[in-house]
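**Student:** what's the 3D shape of this:
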Amino acid sequence: MLPTPRTERFPVNTPAASQIFTTVLSQGPLTRLEVARRAGLSPAAVTKAVRPLIEAGYLVEGADEEARPALGRPATLVRVDGGRALFVGVKVTGDEIIGVVTDLCCRIRLVRHVPLTDRDLGAVLTAVADLVHALRAEADEAGAGVHGLGIAVSGDVDRAEGAVRYSPFLEWRDVPLAELAATTTGLPVTVDNDVRALTVAEQWFGAGAGLSDFAVVTVGAGIGCGLVVHGRVVSGAHGVAGEIGHVTVDPAGPPCHCGNRGCVEAIAGDAAILRRIRETTGLEVTDSAEAVRLAHSGVSGAREAYARAGEAIGRGIATVANLLGPELVIISGEGLAAHDLFAEQIRDAFTAAAFGSAARCDVRTRPLPFTEWARGAAATAIQSFIRADTA
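**Tutor:** You can find the predicted model right below:
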């Protein structure tokens, strides 16, 4: 990754120390023995790593106040002091910028939404910088400095280079966004694909904490997928690992903008659902909220479109389960507003298409507010701050 400004260096200089801190951050509070067990390291290594982190204020140690006296002496637990450092996360959509300030434990402290009326790179950079400066001004009152900025955008993003290779909603190609944003904001910047950023948040601070293999599938304007394999979010050699939206589930299905037919996204994306409802009902449905209302009111064409989408999503998830064997698949995204209209079809199609033990994968829906995408961006900034090997 290109060099960026750094307000403070995290006091960890070994992979083992980074792993220990990450374990406490995502799974703590924990005793030192439990940290050693979960990190697969010796108690001596834990003691060595914990000392400078406590001295720098990133970790604190104390008795478990919730332990019952009858059980004897309360255990001494190590936990992260979330207020020790703050981070800004920004999610850029086609028409809005969402910004959050989180603490080190990725708990949201501040939220701001600003409209995006111009997708020109210069205009977006100015809007992001203005939003970040406003959030930092408010965050300064908390007494902890902002240590990094994460930016999440849809499309093909090269996190290592901090570059947006292609973003369809913004119509950007080969934009060195991390370098440009660092110049305008004065912060170290991490740029990542929005679905991968959300996956990082789920891995460290959400339903995937402590799991080595899981996936996040997002449903909405597109169908996205973030993959965690052996404890790492993977992007593949060319940054497109997890493109479940372009898995063909019906070779005779509708054409997809990618050039193929019958992709999951061509059947289950918001635009595909609206198009299907218009074709089968003759109604001029203009947005997803209206489509959901029609389906809930019993319009058969609308209900059929959502059922068909659920089947496609279920088959796509089964493909992920068959290939990677994850323990958990989390379904999220703005499309979950219609979850009750296709949940049964997702479950049935997954069960039918998952092979053998892959069917044991826990498929769980997790409706998340849109601010979680910005929180995911902050999670990538936290990750970069703690672990230099994640770029």
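
**Student:** give the contact list for the residue nearest to residue 236 when sequence neighbours are not counted.
**Tutor:** Among residues not flanking residue 236 along the chain, residue 242 sits closest, at 7.8 Å (C-beta to C-beta, 6 or more residues apart in numbering). Yep, even glycine has a C-beta here, placed from its N, CA and C like the rest. With contacts defined as C-beta atoms under 8 Å, 6 or more residues apart in numbering, residue 242 is in contact with 195-196, 215, 224-227, 234-236, 320.

**Student:** buried subset of these?
**Tutor:** With burial judged by 16 or more other C-beta atoms under 10 Å, the buried subset of these is 195-196, 215, 224-227, 235, 320.

**Student:** hang on, the earlier thing: now, which of the contacts of residue 242 lie within helices?
**Tutor:** 195-196, 320 (DSSP state H).

**Student:** Can you name the residues in contact with stretch 274-287?
**Tutor:** 254, 267, 288, 291, 294, 299-302, 304-305, 308.

**Student:** list the buried ones in that stretch?
**Tutor:** 274, 276-278, 281, 285.

**Student:** Quick one: end-to-end length of stretch 136-153, please.
**Tutor:** 21 Å (C-alpha to C-alpha, to the nearest Å).

**Student:** Off-centre distance for it?
**Tutor:** Distance of stretch 136-153 from its chain centroid, counting by C-alpha atoms, centre = their mean, to the nearest Å, is 19 Å.

**Student:** Could you pull out the buried residues of it?
**Tutor:** 136, 139, 144, 146-153.

**Student:** Could you list which of those belong to helices?
**Tutor:** Taking DSSP H as the definition of helices, these contribute 136, 139.

**Student:** Pull the most distant pair out of the buried residues of stretch 274-287.
**Tutor:** Taking C-beta to C-beta, the two most distant members of the buried residues of stretch 274-287 are 274 and 281; they sit 10.8 Å apart.

**Student:** where do the helices sit along the stretch 51-200 of the chain?
**Tutor:** With DSSP state H, counting those that start in this stretch, the ranges of helices along the stretch 51-200 of the chain come out as 121-139, 177-185, 194-205.

**Student:** Does residue 46 touch residue 37 like I think?
**Tutor:** No: the criterion here is C-beta atoms under 8 Å, and residue 46 misses it with residue 37 at 9.6 Å.

**Student:** Looking at the two, which is more packed in?
**Tutor:** When residue 46 and residue 37 are compared on other C-beta atoms under 10 Å, the one with more neighbours turns out to be residue 46, at 25 against 14.

**Student:** check which helix or strand covers the more buried one.
**Tutor:** In the assignment (DSSP states H and E), residue 46 maps to helix 43-55.

**Student:** Give the rounded mean pLDDT of stretch 278-298.
**Tutor:** Here stretch 278-298 scores 94 as its mean pLDDT.

**Student:** Straight-line length of it, end to end?
**Tutor:** 15 Å.

**Student:** for stretch 359-372, same thing?
**Tutor:** For stretch 359-372, the first-to-last residue distance is 28 Å (C-alpha to C-alpha).

**Student:** Mind listing what's buried along it?
**Tutor:** Buried residues in stretch 359-372, counted by 16+ other C-beta under 10 Å: 361, 363, 368, 371-372.

**Student:** Give the burial count for residue 293, as a bare number.
**Tutor:** So residue 293, with other C-beta under 10 Å, has 13 neighbours.

**Student:** Over to it: give its phi and psi.
**Tutor:** Backbone torsions of residue 293, given as degrees, to the nearest 10, read phi -60, psi -40.

**Student:** Pull up the gap between residue 44 and residue 13, please.
**Tutor:** Per C-beta to C-beta, to the nearest Å, residue 44 is found 17 Å from residue 13.

**Student:** actually residue 20, not the one I wrote
**Tutor:** 13 Å.

**Student:** of the two, who's got more company?
**Tutor:** residue 20 (28 against 10).

**Student:** Cross-check the contact I'm expecting between that one and residue 43.
**Tutor:** No: using C-beta under 8 Å, residue 20 makes no contact with residue 43, being 11.0 Å away.

**Student:** Looking at the buried residues of stretch 274-287, which are in helices?
**Tutor:** Checking the buried residues of stretch 274-287 against DSSP H, those in helices are 274, 276-278, 281.

**Student:** Any chance of CSV for those residues, columns distance to residue 157?
**Tutor:** Shown next, in CSV, are those (distance: C-beta to C-beta, whole Å):
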residue, distance to residue 157
274, 27
276, 30
277, 32
278, 32
281, 37
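
**Student:** Which residue is the nearest non-sequential neighbour of residue 294?
**Tutor:** residue 302 (4.0 Å).

**Student:** Show me what whichever strand or helix holds the one you found is packed up against.
**Tutor:** Using DSSP H and E, residue 302 maps to helix 300-324. Packing partners of helix 300-324 (3 or more C-beta pairs under 8 Å, 6 or more residues apart in numbering; DSSP states H and E): strand 214-219, strand 223-229, helix 264-268, helix 270-281, helix 288-296, strand 328-332, helix 339-353.
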